[in-house]
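# pasted the sequence and its predicted model underneath.
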Amino acid sequence: MVSDAGSDAANQTTGSTGDPEPADVAAALAGAPSAAASTTSTAPTRPTSAAAAGLRHIRLTSHPSQGPSGAPALRWGAADALERGPVVGTTTNRSQRNVIGTHSGSYGVYRALAVAAGNLTRGHRADLTDTAPTDLIGPYPAWGDAHKIVAIDPWGAQVQAVFADYLAQGYDIRPTIAVTQAHIHLPEVRQAIAFQRLEPDGEVLLDDGSAVVTKVAIEPVWWLPGVAERFKVSETELRRALFEETGGMYPELVTRSDIEVFLPPIGGQTLYIFGNPHDLANPAVTLTARVHDECNGSDVFGSDICTCRPYLTHAIEECIVGAQSVAHGGRGGVGLIAYSRKEGRALGEVTKFLVYNARKRQVGGDRADKYFLRTECVAGVQDMRFQELMPDVLHWLGISKIHRLVSMSNDKYDAITGSGIEVVERIKIPDSLVPADAKVEIEAKIAAGYFTDGAVPDEARLAQVQGRALT
């Protein structure tokens, strides 16, 4: 576990007993110089008290909470919801918090901005009336296995039911998972109907070309000991890196070793389920699935430098066929798209566009044999998606067998099978769906280990695969 030395230092700074009185922080916000400010200034300003400025003292959370009311205990991996305890990441009553960070991932910053701007009342409590899941998922055995699920809260969709007593006592507990139903409309699906690859059945696929889905939004909830184990590092190393590489955004990472759960400020996941969600947990029902990482340029706007949208829409078509009845040309199973917010291999879109420029401008042009090199030159690494945490959502759904995995990624396949889920068949993207400018990407990835049922290109072949220049 993490040393408490940092916690001791923090307590000495803010007061080791009772609530801290960080006068320096409050005074600085009020416009007064802090005690640590330089004394060489030739134009001293009149100190203004925090109270006079209408500001409240900032209460740091880098020390254990004080007072009779405390945070509920979290026993990660407990099979029973009440034994496990609720995740309390709200700021309404800070003495009840039992996690580092807050809800909504990166959108928590917008919530803070709304409070600062006066658009959102500080301490607003969500009215959860009629927000319960449209489809009840689980619980499944993996929910009680601390080694199977470390990156999401398995009880996050059912807080209104399983933690009703806590809510009645005034605890502000927010769902970290929401389950609803929707119809999705895609031009590629309508095209598949026109070319008679798909047939509306009135259940999975409607006459207007829309597909009926169960849709699930999931926020990340990290149990730090388990995350560290996945990455084969110590918890201390993980906490320190998270603290330092976020610019010290969360001091509790290094001062509060007693808090093991972190709500990271990153994007979450969205699931699209075609067919009965309960069939996902039945290994006898054919499951067609794709795990897809976000690519805004291709997925939304149709950029042709990669295969992301074509592969995604092909997977959706496969999921529809997989979920439809045999009488309608389907497989009588269930389909799943798991969509993760990991833009640009989790390097971010700015980095991705810089890499695009570097690839297109390098000597010899955009070539498959230099595909990964340009990314490493800009980002220092080829990929930061780290699929180690990806299988958690599959275990949350109760999945033990994927009959048809619509993915060529060796990293995703290794992570899924390494977590104990069987994969029967892998489905590659049809060659006809690969845009001309995306051949650089797909050939480079096949050479690096992506699944293919064809020949693996050698170095000479890769050097011949070129994309177009910048225009």
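Received the coordinates, thanks.

# mind showing which ranges of this structure have poor pLDDT?
For the chain, the stretches flagged by pLDDT under 70 are 1-69.

# mind redoing it with 90?
1-70, 91-95, 104-108, 123, 342-349, 373-386, 454, 471 (pLDDT under 90).

# helices and strands around the lengthiest helix in it, which ones?
Assignment by DSSP state H gives helix 308-323 as the longest helix of the chain. For helix 308-323, the packing partners by 3 or more Cβ pairs under 8 Å, 6 or more residues apart in numbering; DSSP states H and E come out as helix 187-194, strand 269-274, strand 287-293, helix 296-299, strand 334-340. All C-beta atoms are positioned from the backbone trio N, CA, C, and that covers glycine.

# closest to residue 176 out of those?
Checking these against residue 176 by Cβ to Cβ gives strand 269-274 as the closest, at 11.1 Å.

# residues contacting the closest one, please?
For strand 269-274, the surrounding residues in contact (Cβ atoms under 8 Å, 6 or more residues apart in numbering) are 152, 184, 204, 211-218, 220, 280, 316, 319-320, 322-323, 334-341, 393, 397.

# please indicate which of those are buried?
For the contacts of strand 269-274, a neighbour count by 16 or more other Cβ atoms under 10 Å gives the buried set as 152, 204, 211-216, 218, 220, 280, 316, 319-320, 322-323, 334-341, 393, 397.

# any idea of the angle the longest helix of the chain forms with helix 187-194?
50 degrees (axes from the mean of the first three to the mean of the last three Cα atoms, to 10 degrees).

# can you give me the angle helix 308-323 makes with strand 334-340?
150 degrees.

# now helix 308-323 - C-alpha only, CSV.
Below are the C-alpha coordinates for helix 308-323, written out as CSV (Å, rounded to 0.1, in the frame of the first residue of the first chain):
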residue,chain,number,x,y,z
CYS,A,308,-12.9,2.7,-38.2
ARG,A,309,-16.4,3.6,-39.5
PRO,A,310,-16.5,0.9,-42.2
TYR,A,311,-15.5,-1.8,-39.6
LEU,A,312,-18.0,-0.4,-37.1
THR,A,313,-21.0,-0.4,-39.5
HIS,A,314,-20.0,-3.8,-40.8
ALA,A,315,-20.0,-5.0,-37.2
ILE,A,316,-23.5,-3.5,-36.7
GLU,A,317,-24.8,-5.3,-39.7
GLU,A,318,-23.3,-8.5,-38.4
CYS,A,319,-24.9,-7.9,-35.0
ILE,A,320,-28.3,-7.4,-36.6
VAL,A,321,-28.0,-10.6,-38.6
GLY,A,322,-26.7,-12.4,-35.4
ALA,A,323,-29.7,-11.3,-33.4
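
# starting at the chain centroid, how far to it?
Relative to its parent chain, helix 308-323 has a centroid offset of 21 Å by Cα atoms, centre = their mean, to the nearest Å.

# repeat for stretch 324-334
Chain-centre distance of stretch 324-334: 31 Å, with Cα atoms, centre = their mean.

# what's the answer for stretch 154-173, then?
Taking the mean of its C-alpha atoms, stretch 154-173 sits 22 Å from the chain's own mean (Cα atoms, centre = their mean).

# from now on call the first residue 108
Okay, residue one is now 108; in that scheme the one you just asked about reads as stretch 261-280.

# could you list the buried residues of that stretch?
261-267, 269-270, 273-274, 278-280.

# and the contacts of it?
In contact with stretch 261-280 (Cβ under 8 Å, 6+ apart) are residues 179, 188-189, 191, 193-195, 197, 199-200, 203, 232-233, 235, 238-240, 243-246, 249-250, 281-286, 323, 325-326, 328, 503.

# from those, list the buried ones, please.
Buried among the contacts of stretch 261-280 by 16+ other Cβ under 10 Å: 179, 188, 191, 193-195, 197, 199, 203, 240, 244-246, 249-250, 281-286, 323, 325-326, 328, 503.

# out of those, which are inside strands?
284-286, 323, 325 (DSSP state E).

# which two among these are spaced furthest apart?
286 and 325 (9.6 Å).

# ok, the residue nearest the centre of the chain - contacts?
The chain has residue 375 as the residue nearest its centroid, 2.8 Å off, counting by Cα atoms, centre = their mean. By Cβ under 8 Å, 6+ apart, the residues touching residue 375 are 212, 324-327, 447-448.

# nearest to residue 513 among these?
Of all the contacts of residue 375, residue 513 sits closest to residue 447, with 14.9 Å by Cβ to Cβ.

# bridged to that closest one, which residues?
Counting by DSSP bridges, residue 447 is bridged to residue 376, residue 400.

# and it, what is it in contact with?
The neighbours of residue 447, taking Cβ under 8 Å, 6+ apart as the test, are 374-376, 398-401, 492, 497.

# next, format the residues you listed as CSV and append distance to residue 474.
What follows is the contacts of residue 447, written out as CSV (distance: Cβ to Cβ, whole Å):
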residue, distance to residue 474
374, 31
375, 36
376, 34
398, 29
399, 26
400, 24
401, 26
492, 23
497, 30
